[in-house]
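K.L.:
could you work out the structure for the sequence below:
(chains A and B)
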Amino acid sequence: DTAVSQTPKYLVTQMGNDKSIKCEQNLGHDTMYWYKQDSKKFLKIMFSYNNKELIINETVPNRFSPKSPDKAHLNLHINSLELGDSAVYFCASSPGQGDGELFFGEGSRLTVL
Amino acid sequence: RKEVEQDPGPFNVPEGATVAFNCTYSNSASQSFFWYRQDCRKEPKLLMSVYSSGNEDGRFTAQLNRASQYISLLIRDSKLSDSATYLCVVSLYSGGGADGLTFGKGTHLIIQP
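P.N.:
From the prediction side, this is the model:
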């Protein structure tokens, strides 16, 4: 069983479209995250949710909107996609906010044409 | 100055050799330190935490030098399967709070037969 699963794994779309990436964790963790890894390989946090509540919202365009229907799910919706949004988006979870071990999903590779 | 800096490599090392690489961090208030491993086109996974007194896990040894603000990873008797990118991760929180985690760009290691 995959502990942190995200769908889709690959997404190719045109500029201006709206797309969503879904994430689910079956580890019983309280905290979930979205990270972005761009072509330069930097892994940067975008959002963090603890028990469905938004904890961190780094400086990302408001075209990105996370939604956590319950603590096992954290989805990411992106409006009006731009070329610069092309990246790998990783969902992750951790037992709590104070725990440094992150469990990552396999990543969703987004390509905007 | 980047918050967490690593030599991107690649480090090409023959199988069986010992390899070491460092990572420097800029924020002296950093409290927790980790090494993550990321295989090509895969998600990062925790390799080991780095403790103040240094710690060892099999062939891997991690050291922390707070005075000079760097951490190191030593791999002995390297195996082909050690080929990966090694990410240095630093947290501002003593519990390793994932919301305070900063990732380095990683050092790419290639073990050659």
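
K.L.:
is chain A contacted by the lowest-mean-pLDDT helix or strand in chain B?
P.N.:
Lowest on mean pLDDT, DSSP states H and E among the helices and strands of chain B sits strand B:101-103, with a mean of 87. Yes - residues of strand B:101-103 contacting chain A under C-beta under 8 Å from any C-beta of the partner chain: B:101, B:103. For the C-beta atoms, the positions are set from N, CA and C on the backbone; glycine is no exception.

K.L.:
what's the first helix or strand after that strand?
P.N.:
Next helix or strand after strand B:101-103 toward the C-terminus (DSSP states H and E): strand B:107-112.

K.L.:
now for that next one, which elements pack on it?
P.N.:
Other elements packing on strand B:107-112 under the criterion 3 or more C-beta pairs under 8 Å, 6 or more residues apart in numbering or on different chains; DSSP states H and E are strand B:11-14, strand B:19-25, strand B:84-91.

K.L.:
ok, which of the ones you listed comes nearest residue B:5?
P.N.:
Among those, the nearest to residue B:5 by C-beta to C-beta is strand B:19-25 (5.0 Å).

K.L.:
who does the closest one pair up with?
P.N.:
Strand pairing for strand B:19-25, using DSSP bridges, gives strand B:4-6 (antiparallel), strand B:70-75 (antiparallel).

K.L.:
average pLDDT across the longest one?
P.N.:
I take that to be strand B:70-75. The predicted model assigns strand B:70-75 a mean pLDDT of 96.

K.L.:
report the angle between it and strand B:84-91.
P.N.:
Going by axes from the mean of the first three to the mean of the last three C-alpha atoms, to 10 degrees, strand B:70-75 is angled at 150 degrees with respect to strand B:84-91.

K.L.:
got the angle for strand B:70-75 vs strand B:107-112?
P.N.:
20 degrees.

K.L.:
pull out the buried positions in strand B:70-75.
P.N.:
Residues of strand B:70-75 classed as buried by neighbour count (16 or more other C-beta atoms under 10 Å in any protein chain shown): B:70-73, B:75.

K.L.:
in chain A, which helix or strand is least confident?
P.N.:
Every helix and strand in chain A was compared by mean pLDDT, DSSP H and E; the lowest is strand A:53-57, with a mean of 77.

K.L.:
how about the strands of chain A, start to end?
P.N.:
Here chain A has its strands, by DSSP state E, at A:4-7, A:10-13, A:19-25, A:31-37, A:43-50, A:53-57, A:64-70, A:73-78, A:87-94, A:103-104, A:108-112.

K.L.:
against chain B, how distant is the residue nearest to residue A:111 when sequence neighbours are not counted?
P.N.:
In this structure, residue A:111 finds its nearest non-sequential neighbour in residue A:12, 4.7 Å apart by C-beta to C-beta, 6 or more residues apart in numbering or on different chains. If you measure residue A:12 against chain B using C-beta to the nearest C-beta, to the nearest Å, the figure is 16 Å.

K.L.:
contacts only, for residue B:52.
P.N.:
By C-beta atoms under 8 Å, 6 or more residues apart in numbering or on different chains, residue B:52 lies in contact with B:64, B:66.

K.L.:
and if you look at residue A:2?
P.N.:
A:26, A:105-106.

K.L.:
10 Å - rerun?
P.N.:
With contact set as C-beta atoms under 10 Å, 6 or more residues apart in numbering or on different chains, residue A:2 has these partners: A:24-26, A:105-106.
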